[in-house]
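Enquirer: I'd like to go over a predicted model; first the sequence, then the structure.
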Amino acid sequence: MGSVTKLNLADSTATRYVRITDPDHRGYVEFQFSIGDPGLYLEMTLPPAAFEEFCREHAVRVLTPAEGAAVDAGERRWRFGDDAEETN
């Protein structure tokens, strides 16, 4: 396994967030990683051990399902101007 590069943030007090989108996708953890604003994120995939190391090294806060839903609602508002839940 490779090594995790620790971020060198100018504002080291910024909260780092993780939102797990698929905990076991073919043996990998799929997640969103953000700094400061959970609505602006990077989608990532790591093996479980590397994911745990990443979270530990970056002292992340895992978003709750309710916080994740709020991120989704904000994204819908931004994209579609829609405050309501999507219907299929």
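Expert: Thanks, I have the structure now. Residues are numbered from 1 along each chain as shown.
Enquirer: the strands in the chain, which residues?
Expert: Secondary structure of the chain (DSSP state E): strands at 16-25, 28-35, 42-46, 61-62.
Enquirer: Tell me which of these sits most buried.
Expert: strand 28-35 (a mean of 19; mean count of other CB atoms under 10 Å). For the C-beta atoms, the positions are set from N, CA and C on the backbone; glycine is no exception.
Enquirer: ok so, going back, how about CSV for the strands of the chain, with mean pLDDT added?
Expert: Listed next are those as CSV, based on pLDDT from 0 to 100:
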stretch, mean pLDDT
strand 16-25, 95
strand 28-35, 96
strand 42-46, 96
strand 61-62, 96
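Enquirer: Tell me how far the residue nearest the centre of the chain lies from residue 61.
Expert: Of all residues in the chain, the one closest to the mean position by CA atoms, centre = their mean is residue 32, 2.6 Å from it. Using CB to CB, to the nearest Å, we find residue 32 at a distance of 13 Å from residue 61.
Enquirer: Identify the contacts common to the two.
Expert: Common neighbours of residue 32 and residue 61 are listed as 17, 18 (criterion: CB atoms under 8 Å, 6 or more residues apart in numbering).
Enquirer: quick one on the thing from earlier: need the strands of the chain in TSV with distance to residue 69, can you?
Expert: Compiled in TSV, those are given as follows (distance: least, CB to CB, whole Å):
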stretch	distance to residue 69
strand 16-25	10
strand 28-35	13
strand 42-46	18
strand 61-62	14
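Enquirer: Residue 3 is nearest to which of those?
Expert: Proximity to residue 3, assessed across those by CB to CB, is greatest for strand 42-46 (12.4 Å).
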